[in-house]
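J.: below is the sequence, then the predicted model.
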Amino acid sequence: MAKILSKQEPKGTLDWTPEEFAIRKYIFDCWRRVCLRYGFEEYLTPIVESAEIYRAKSGEDVGGKELVTFSDLGGRELSIRPEMTPSVVRMVSKVYTASPKPLKYFSIANFMRNEKPQRGRNREFWQLNCDIFGSAKASADIEILTLALDLVLEFKPPKNSFSLHLNSRQLLDGVLDLAGASKLKSEAKAEVVRTLDKWQKLSASAIQERLLAAGLKEEAIAILKKFMSVRDLLELAKELPELKNNLGFAQIQEAMSALSDLGYSALVEFDPAVIRGFDYYDGLVFEVFDKHPDNNRAMFGGGRYNGLAEIFGEKNFPAIGFAPGDETARLFLESWGMLKGKQFDAQEKYYFPLLNHDLYLESQQLIQKLRAAGRNVFAGLEEQKISKALEFANKKGFAKVVIFGEDEHKKHKYKIKDMKTGKEEVVS
RNA sequence: GUGCCUAUGGUUUAAUGGUAGAACGGUGGGUUGUGGUCCCGCUAGCCUGGGUUCGAUUCCCAGUAGGCACCCCA
C-alpha cells in the first residue's frame, strides 16, 4: 500500500479530535438551545449547489475565486456552499407561497471558501444561520436582534465583553443622497461606501483623499464626516436634521427603544460605521463586536435582505437574518477565558476495568446490565491491575469505576467507586 | 493576490558551523486489590529541496506550512 506522506489536514481545514469536538459541540448546543427556545425550526440544505447561484449574488470573491467548484457526471458545475443565504432562499422560495407566515428558520452547517487561512478564518468553517422570512415589520427586526444578543449571552460572557452595533442601509442611502453621492457612477459610489466602511481604520487624510478621488465635493465630504462622527441618534437628529424623516432613522430608533425596554440597552448602540459587504442588504444592518483588546473584531453580523429572492425568479419576500461562525465564537470564548477549566464533556462515565480475565463473561454481563440501566460504560479490554485501572480512570476523567474482581465475584457483589470522593458503594 | 515574521520529539521549548538537552505527554516499573503526589527506565525530533562549507539543524536562496497585516468577507 502506498504510504500517505502527510499527517496534516488539507490546508485551511481542521481535524476535530474529541477534545476539540467537545468545544464545538458546546458552542453548537448553546446555539441550538437558544434557537429552539425562540421557536425557530432547524433545516439543512445540500452541501453543494449549482455554481451559478453564488456567481450571481455572493460578491466578487466569495462567488468568484474563493468558490470551490467541480463538475458532476453530467457536466453540471457545482460548488461547495460558501454561505447559506442563497441556499435557504432557494429552499424557501419553493415553499413560500404555500407556507403560513412568518417562517423562522435556523441551521448549523459547514462551508468552504478558498481563502488564505488566518486567525479566525479557515477554508472550512461552520456557521449558525438564523432567518425570518415573510415579515417586514419592526417586530421581526427586534426578534432577530434579541436572538442575536441571547445567543451570545447563552455563553455567560463577562459584563461589557461585547456589543451590538446597529445601522441601516436606508439611512446610509439618505446620507449619500444628502452628500450628492447617489449621483456618482456606481463604481465611485461603491468606493465611497467602502471608505465609510473603513472609516476607523483610515487616517483623516486618507479618507479625504479617497472621497475626493471618488468625485465628492468638500461640502459633501463634510456631511459624511458629520454623519460618521455622531455617537447616537439624538446627535444625528441635531447635526443632520434632514435625516429625521428617513425610514432607516425610524427603524433604528424603534429597534433601539424596544431593545432598551427589554433590558438590552447596555449592549446596543447606533454605529454609522456598520456597513457590511454583501450587496443584498437593503434595510437594517448590524454587527456584534467582541470588545476584548486581544480580539477586537466583528464576531458576526447580519441584516435585512428583502430583495434577494428575485434571483430565483420568485416574487420578492421580506427576509432578515444573520450568521455567527464557529471560529469567531471560539475566539470570543477563548479571549475571555470562558473555555478555561470547563468540563465540556459533562456526561458522567463509568469505567469497568477487566480485573481478571477469567471473569470476562461475568464482567460483560454486568456491563450489559449497567448500560441497560442507562449508564455510560467504558469497558476495559485487557486485563489490568487495579492500580492501573484507577490511574487510567483518573486520566480519562471518568466519574466512577466499577470494581469487579475475584473477591467481589465470590460474594456475588461488585463495587462502584466514586473517583471524586473515593467512597465505594457495594452493590449485590 | 501583496507585504512582514516564524518553522527542533505528539505538545511546549533550550543550545549549537562538528547532527541535539529539558519539561509535559505516552509507556513500563518501584507497588502481584485501590488512583491523583513522588522516584527510576523506555519512547520520540532538527519542514522539504538546492547553495556556501572539509562538515549545515545552525548561514544563504527557493518551496511548503503556520502567524500577523492588507485585500476580501462574516
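T.: On my side now, so go ahead.
J.: have a look at chain A and report its longest helix.
T.: The helix that spans the most residues within chain A, counting by DSSP state H, is helix A:18-37.
J.: pLDDT weak spots in chain A?
T.: Scanning chain A for pLDDT under 70 picks out A:1-8, A:57-65, A:277-279, A:295-296, A:311-314, A:341-346.
J.: tell me which residue is most central in it.
T.: The C-alpha lying nearest the average C-alpha coordinate of chain A belongs to A:Pro324 (CA atoms, centre = their mean; 2.1 Å).
J.: what comes up buried for the longest helix of chain A?
T.: A:22-24, A:26-27, A:30-31, A:34-35 (16 or more other CB atoms under 10 Å). To be clear about C-beta, it is placed using only N, CA and C from the backbone, and glycine gets the same treatment.
J.: need the residues you listed in CSV with distance to RNA strand B, can you?
T.: Converted to CSV, the buried residues of helix A:18-37 look like this (distance: CB to the nearest atom of the strand, whole Å):
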residue, distance to RNA strand B
A:Ala22, 17
A:Ile23, 16
A:Arg24, 16
A:Tyr26, 20
A:Ile27, 14
A:Cys30, 17
A:Trp31, 13
A:Val34, 17
A:Cys35, 16
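J.: which pair of those residues spans the longest distance?
T.: In the buried residues of helix A:18-37, two members sit farther apart than any others by CB to CB. They are A:Ala22 and A:Cys35, at 20.5 Å.
J.: pretty sure A:Glu408 contacts A:Lys415?
T.: Yes - taking contacts as CB atoms under 8 Å, A:Glu408 lies within contact range of A:Lys415: 6.3 Å.
J.: tell me where chain A has helices.
T.: Under DSSP H, chain A gives helices at A:18-37, A:51-57, A:85-95, A:138-153, A:169-178, A:186-197, A:204-214, A:218-229, A:233-239, A:247-261, A:326-335, A:360-372, A:386-396, A:406-410.
J.: show me how far the first one is from its chain's centre.
T.: I take that to be helix A:18-37. When C-alpha coordinates are averaged (CA atoms, centre = their mean, to the nearest Å), helix A:18-37 and its chain have centres 11 Å apart.
J.: ditto for the second one
T.: Taking CA atoms, centre = their mean, one finds the center of helix A:51-57 at 23 Å from the center of the full chain.
J.: kindly report the same for the third one.
T.: Relative to its chain's centre, helix A:85-95 lies at 19 Å (CA atoms, centre = their mean).
J.: quick one: buried residues of that helix?
T.: Buried residues in helix A:85-95, counted by 16+ other CB under 10 Å: A:85-93.
J.: what's the local residue count around the one residue in the stretch 51-200 of chain A that gets nearest to RNA strand B?
T.: Residue nearest to RNA strand B within the stretch 51-200 of chain A: A:Arg119 (2.2 Å; CB to the nearest atom of the strand). Taking other CB atoms under 10 Å as the neighbour definition, A:Arg119 ends up with a count of 10.
J.: report the separation between the closest residue to it other than its chain neighbours and A:Pro82.
T.: Nearest residue to A:Arg119 in three dimensions, chain neighbours excluded: A:Leu331, at 7.4 Å (CB to CB, 6 or more residues apart in numbering). Counting by CB to CB, to the nearest Å, the separation of A:Leu331 from A:Pro82 is 20 Å.
J.: do A:Tyr305 as well
T.: Applying CB to CB, the value for A:Tyr305 to A:Pro82 is 16 Å.
J.: these two touch, right, A:Ala138 and A:Glu254?
T.: Yes - proximity of A:Ala138 to A:Glu254 meets the contact threshold set by CB under 8 Å, at 4.7 Å.
J.: A:Thr45 reaches A:Ser107, doesn't it?
T.: Yes - counting by CB under 8 Å, A:Thr45 touches A:Ser107, with 7.4 Å between them.
J.: list residues touching both of the two?
T.: Here A:Thr45 and A:Ser107 have A:84, A:88 as joint contacts, going by CB atoms under 8 Å, 6 or more residues apart in numbering.
J.: which of these two has more neighbours?
T.: Set A:Thr45 next to A:Ser107 and count neighbours by other CB under 10 Å: A:Ser107 wins out with 21 against 16.
J.: so what pairs up with that one in the strands?
T.: Beta-bridge partners recorded for A:Ser107 (DSSP bridges): A:Asn129.
J.: which bits of the stretch 151-300 of chain A sit near RNA strand B?
T.: A:194, A:198, A:201, A:276-278, A:287, A:297-300 (CB under 7 Å from any atom of the strand).
J.: from those residues, which land in strands?
T.: Within those, residues falling in strands by DSSP state E are A:287, A:297-300.
J.: ok, of those residues, which one's closest to RNA strand B?
T.: Nearest member of those to RNA strand B, counting by CB to the nearest atom of the strand, is A:Ala298, at 2.8 Å.
J.: can you give me the distance of the closest one to A:Val288?
T.: 7 Å.
J.: the more surrounded of the two?
T.: Using other CB under 10 Å, the more surrounded residue of A:Ala298 and A:Val288 is A:Val288, with 24 against 15.
J.: for A:Val92, see how far away that one is.
T.: 24 Å.
J.: try A:Lys225
T.: Between A:Lys225 and A:Val92 the computed distance is 41 Å (CB to CB).
J.: next one: A:Leu172
T.: Separation of A:Leu172 from A:Val92 (CB to CB): 27 Å.
J.: go on, A:Asn167?
T.: 26 Å.
J.: do the same with A:Pro293
T.: With CB to CB as the criterion, A:Pro293 and A:Val92 are 40 Å apart.
J.: contacts only, for A:Asp15.
T.: The contact partners of A:Asp15, by CB under 8 Å, 6+ apart, come to A:Glu9.
J.: buried set for stretch A:232-247?
T.: A:233, A:236, A:240, A:243, A:246.
J.: what about A:Leu331 and A:Pro82, which has more around it?
T.: Using other CB under 10 Å as the criterion, A:Leu331 and A:Pro82 rank with A:Pro82 on top: 23 against 19.
J.: my read: the more buried one touches A:Tyr54, true?
T.: Yes - counting by CB under 8 Å, A:Pro82 touches A:Tyr54, with 6.2 Å between them.
J.: just the closest residue of the stretch 301-428 of chain A to RNA strand B, please.
T.: For the stretch 301-428 of chain A, CB to the nearest atom of the strand, closest residue to RNA strand B: A:Gly405, 2.5 Å.
J.: what's the neighbour count on the closest residue to that residue other than its chain neighbours?
T.: Leaving aside its sequence neighbours, A:Gly405 sits nearest to A:Leu355 (CB to CB, 6+ apart; 3.9 Å). For A:Leu355, the neighbour count with other CB under 10 Å is 23.
J.: and A:Leu355, how far is that from A:Gly75?
T.: Counting by CB to CB, the gap from A:Leu355 to A:Gly75 is 62 Å.
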